[in-house]
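> Compute the structure for the input listed below.
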Amino acid sequence: MRKTKTEALKTKEHLMLAALDTFHQRGVARSSLNEIAQSAGVTRGALYWHFRNKEDLFDSLFQRVCNDIEECIQHDLECSDGDHLAAFRLMLLKFFERIENNSIHNKFYTVLFIKCEHTEQNAAIVALMEKYRLLWREKLNTILQNCIAQQSLPTDLDTETTIIYLKSTVDGLINQWLSSPVGFELNQVAPRVIDIALDNLKQHTLLRKAV
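Numbers count the residues shown, from 1 in each chain. Sure, this is the predicted structure:
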């Protein structure tokens, strides 16, 4: 019997979550499509009906989480009455809240930072990760430009250096907490780190363009 579109979408979501669990448990390189299909309780053929290969599955999983984040960004902007800096702060706070409390986001970022081996076998997936990092960089640049336009950040802000600084701060905090979650309370540390970083964007002279 032919599946309806709704049933097909549910199966695809189920497969992505099964893949996430498998990647989280075994690492990306050691996870096979057979194992993912078994975890999802479907045949290998059913998995191939939705995904061409492991890279396609990983890409779909990435898009799924990115869509969640994009929806949250839009919601946060609306809640901040169009104040882009306030929305950015809220976005970062919610980002860390989801990593701590949302099992899908927690597993996903654990896979990205800890369970995705940078090996020749994983080259295609590492390339996908780089693609999404570039998209995140473009998103950060847009946010910063909007803040500058609203004069909530200095007009002479060096956005290239600022993006490197922000990514280093955010990625560093994620990696440190995921590597040792009992080391500190993320919900207490993250807001302080975010406010320090944003304060530096507004005040630190080394984040200004060279004259």
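> The closest residue to L47 other than its chain neighbours: which element?
Counting by CB to CB, 6 or more residues apart in numbering, L47 lies nearest to A37, which is 4.5 Å off, once chain neighbours are set aside. No exception for glycine: its C-beta is placed from N, CA and C like everyone else's. Take DSSP states H and E as the rule and A37 turns out to sit in helix 33-40.
> immediately after that helix, which helix or strand?
Elements were assigned by DSSP H and E; along the chain past helix 33-40, the next helix or strand is helix 44-50.
> residue contacts, the residue nearest to L47?
L15, A18, T43, R44, A46, L47 (CB atoms under 8 Å, 6 or more residues apart in numbering).
> Out of the residues you listed, give me the one that has the most neighbours.
L15 (25 neighbours; other CB atoms under 10 Å).
> and the residue nearest to F62 when sequence neighbours are not counted, how many neighbours does it have?
Using CB to CB, 6+ apart and skipping the chain neighbours, the partner closest in space to F62 is Y132 (5.6 Å). The local packing of Y132 (other CB under 10 Å) involves 15 other residues.
> and Y132, that one's in a helix?
Yes: looking at Y132 with DSSP: H, G, I helix; E, B strand; the rest coil, it is inside a helix.
> wait, it sits on N67?
No: with contact defined as CB atoms under 8 Å, Y132 does not count as touching N67 (11.9 Å).
> buried set for the lowest-mean-pLDDT helix or strand in the chain?
Ranked by mean pLDDT, DSSP states H and E, the weakest helix or strand in the chain is helix 54-79, scoring a mean of 81. By neighbour count on 16 or more other CB atoms under 10 Å, the buried set for helix 54-79 is 54, 57-62, 64-65, 69, 72-73, 76-77.
> got the contact list for the helix or strand that that helix is followed by?
Sequence-wise, the next helix or strand downstream of helix 54-79 (DSSP H and E) is helix 84-101. Outside helix 84-101, the residues that touch it by CB under 8 Å, 6+ apart are 68-69, 72-73, 76-77, 79-80, 105-106, 109, 143, 146-147, 149-150, 152-153, 170, 173-174, 177-178, 186-187, 190-191, 194-195, 198.
> For the helix or strand just after helix 84-101, name the packing helices and strands.
On the C-terminal side of helix 84-101, the nearest following helix or strand under DSSP H and E is helix 103-110. Counting by 3 or more CB pairs under 8 Å, 6 or more residues apart in numbering; DSSP states H and E, the packing neighbours recorded for helix 103-110 are helix 5-26, helix 54-79, helix 84-101, helix 159-179.
> Buried residues in the last one, which are they?
Pointing back at helix 159-179 there. Under 16+ other CB under 10 Å, the buried positions of helix 159-179 are T159, T162, I163, Y165, L166, T169, V170, L173, I174, W177, L178.
> would a markdown table of the residues you listed with pLDDT be doable?
Formatted as a markdown table, these follow (pLDDT from 0 to 100):
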| residue | pLDDT |
| --- | --- |
| T159 | 97 |
| T162 | 98 |
| I163 | 97 |
| Y165 | 97 |
| L166 | 97 |
| T169 | 97 |
| V170 | 95 |
| L173 | 96 |
| I174 | 94 |
| W177 | 94 |
| L178 | 92 |
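> Fine by me, thanks again.
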